[in-house]
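# got a sequence here, can you model it:
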Amino acid sequence: MSQAQIHTGKCFCGAVELAVTGAPDIMGYCHCDSCREWSAAPINAFTIWKSADVKVTKGADNIGTFNRTDRSFRKWCKSCGGHVFTEHPHMGVIDVYAGIIPTYPFKPVVHVHYQETVLHVKDGLPKMKDLPKDFGGSGTTLAE
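Next comes the predicted model:
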């Protein structure tokens, strides 16, 4: 039996660290207003993991939480302000921002909430109007 690979990540200053085990359920890019505003970027690169596969290994008491709704709990480091992950308790998953787990090979397969995009991307990946059906969305794709 082989052991699942573990990758580590950290906030900008290193006060908060986490470990992800195995592989994410899906990886891609989010174009929604909330992600853009939170990340201060035109696109947010995400990796969605089962909650049980994400563990904070250092600095749990240094994690702040912000939630605009009860669907997304955005987590950040109280020392540096670096964004770490977002919990989605209604789906039982955690979005660990791709940029904080540099040893995990980021291989996006989809763009979500593309109806809200401010930066059009031509990369051949599906562009979902909102979310895939498996994640509670319409499953509708838009033209690249």
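
# helix/strand/coil for P102?
Secondary structure, DSSP: H, G, I helix; E, B strand; the rest coil: P102 is coil.

# is V93 in contact with K50, as I believe?
Yes: if you go by Cβ atoms under 8 Å, V93 and K50 touch, sitting 6.2 Å apart. Where you see a C-beta, it was placed from the backbone N, CA and C, and this is true even at glycine.

# just want to know which of these two has more residues nearby.
V93 (21 against 16; other Cβ atoms under 10 Å).

# please report the distance of that one from C13.
26 Å (Cβ to Cβ, to the nearest Å).

# that older thread, got any residues that touch both of V93 and K50?
The contact sets of V93 and K50 overlap at D25 (Cβ atoms under 8 Å, 6 or more residues apart in numbering).

# number of nearby residues for the residue lying closest to L142 once chain neighbours are set aside?
Closest residue to L142 apart from its sequence neighbours, by Cβ to Cβ, 6 or more residues apart in numbering: K127 at 4.6 Å. Using other Cβ under 10 Å, K127 has 23 other residues around it.

# for the protein, what spans make up the strands?
Applying DSSP state E to the chain gives strands spanning 6-10, 17-21, 26-30, 44-50, 54-58, 63-69, 72-77, 83-88, 93-97, 110-112, 127-128, 141-142.

# and the contacts of the first one?
Strand 6-10 is contacted from outside by 16-21, 57-58, 84, 96, 100-104, using Cβ under 8 Å, 6+ apart.

# list every C-alpha atom in that strand, with coordinates, as CSV.
Extracted C-alpha coordinates of strand 6-10, given in CSV (Å, rounded to 0.1, in the frame of the first residue of the first chain):
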residue,chain,number,x,y,z
ILE,A,6,1.8,15.3,1.4
HIS,A,7,2.5,18.9,0.2
THR,A,8,3.0,21.8,2.5
GLY,A,9,2.0,25.5,2.1
LYS,A,10,2.4,28.6,4.1
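
# between strand 83-88 and that strand, find me the angle.
Angle, strand 6-10 to strand 83-88, by axes from the mean of the first three to the mean of the last three Cα atoms, to 10 degrees: 120 degrees.

# just the second one next, same as before
Counting by the same axes, to 10 degrees, strand 17-21 lies at 50 degrees to strand 83-88.

# in strand 17-21, what counts as buried?
17-20 (16 or more other Cβ atoms under 10 Å).
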